[in-house]
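Engineer: Just need the structure, nothing else, for what follows:
(2 chains)
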Amino acid sequence: DTGVSQDPRHKITKRGQNVTFRCDPISEHNRLYWYRQTLGQGPEFLTYFQNEAQLEKSRLLSDRFSAERPKGSFSTLEIQRTEQGDSAMYLCASSLTGPSTDTQYFGPGTRLTVL
Amino acid sequence: QKEVEQDPGPLSVPEGAIVSLNCTYSNSAFQYFMWYRQYSRKGPELLMYTYSSGNKEDGRFTAQVDKSSKYISLFIRDSQPSDSATYLCAMRRTSGTYKYIFGTGTRLKVLA
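Structural biologist: Residues are numbered from 1 along each chain as shown, chains lettered A, B, ... in the order given. Okay, the predicted model is just below:
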């Protein structure tokens, strides 16, 4: 088990372009989360999946953001028509549901820079 | 007012000191509490997980939850320069959501 992986690790794009990030959770983890983190702040929740179902979305997730988790395995986060304010670290985490447990394990993140 | 408050620091301590890191929160429904360590430009690394109240110890780390005061703490004994990082607290309610709310993080510097 290699932990949560994210790809790419870094992405530089021009304003107005679309970008897509991928997250591979720890195998057998049924929950997958996306967070956004800017400098000096803690991670902010964007959305989460239980298996393939997207069960909760933050108001931070504008119409330009979409996330999928086909077949309940890996997940993608797409940002359309990127803006400079989208520059941040995008973090993915996964967890396994159980009685009184819900520990999230994070990936290394994808750092997005929008020029 | 934020749901979770955390002093951003930086907190500087000499090597070997006991470090106390804290978070306060406003939502009495929070039951799951976690502490993460994050090195610069890396993803957060899980340190401690506590459900409901009480203490939990793991090596040099002790997590405490005081639900009556809405206050959680992380203690680091015999601090090392390698402990220099940002420490994040996170918490969520028992039901209705699986969304975790994070503090802003406290930057810790352990001086050799």
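Engineer: Can you name the residue of chain B nearest to chain A?
Structural biologist: Closest to chain A within chain B is B:Phe102: 3.3 Å, counting by C-beta to the nearest C-beta. All C-beta spots, glycine's among them, are computed from the backbone N, C-alpha and C.
Engineer: Which residues are in contact with that residue?
Structural biologist: A:Tyr35, A:Gly42, A:Pro43, A:Glu44, B:Val4, B:Leu88, B:Cys89, B:Ala90 (C-beta atoms under 8 Å, 6 or more residues apart in numbering or on different chains).
Engineer: bridging residues for it?
Structural biologist: With DSSP bridges as the criterion, B:Phe102 is bridged to B:Ala90.
Engineer: how far away is it from A:Thr103?
Structural biologist: Here the criterion is C-beta to C-beta, to the nearest Å. By it, B:Phe102 lies 14 Å from A:Thr103.
Engineer: picking up where we left off before, could the contacts of B:Phe102 go into TSV alongside distance to A:Asp24 and secondary structure?
Structural biologist: Shown next, in TSV, are those (distance: C-beta to C-beta, whole Å; DSSP: H, G, I helix; E, B strand; the rest coil):
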residue	distance to A:Asp24	secondary structure
A:Tyr35	16	strand
A:Gly42	24	coil
A:Pro43	19	coil
A:Glu44	22	strand
B:Val4	29	strand
B:Leu88	23	strand
B:Cys89	27	strand
B:Ala90	22	strand
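Engineer: phi, psi of A:Arg9?
Structural biologist: phi -80, psi -30 (degrees, to the nearest 10).
Engineer: wait, it sits on A:Leu112?
Structural biologist: No - the criterion here is C-beta atoms under 8 Å, and A:Arg9 misses it with A:Leu112 at 10.6 Å.
Engineer: Pick out the residue of chain A closest to chain B.
Structural biologist: Counting by C-beta to the nearest C-beta, chain A gets nearest chain B through A:Gly42, at 3.3 Å.
Engineer: That residue - how many residues pack around it?
Structural biologist: For A:Gly42, the neighbour count with other C-beta atoms under 10 Å in any protein chain shown is 24.
Engineer: residues contacting it?
Structural biologist: B:Val4, B:Gln6, B:Leu88, B:Ala90, B:Phe102, B:Gly103, B:Thr104, B:Gly105.
Engineer: Give me the distance between it and B:Leu21.
Structural biologist: 13 Å.
Engineer: same question, B:Gln38
Structural biologist: For B:Gln38 relative to B:Leu21 (C-beta to C-beta), the value is 13 Å.
Engineer: B:Ser82 now?
Structural biologist: 16 Å.
Engineer: Looking at the two now, which is surrounded by more residues?
Structural biologist: Using other C-beta under 10 Å, the more surrounded residue of B:Ser82 and B:Leu21 is B:Leu21, with 22 against 8.
Engineer: my read: that one touches B:Leu108, true?
Structural biologist: Yes - using C-beta under 8 Å, B:Leu21 makes contact with B:Leu108 at a distance of 7.1 Å.
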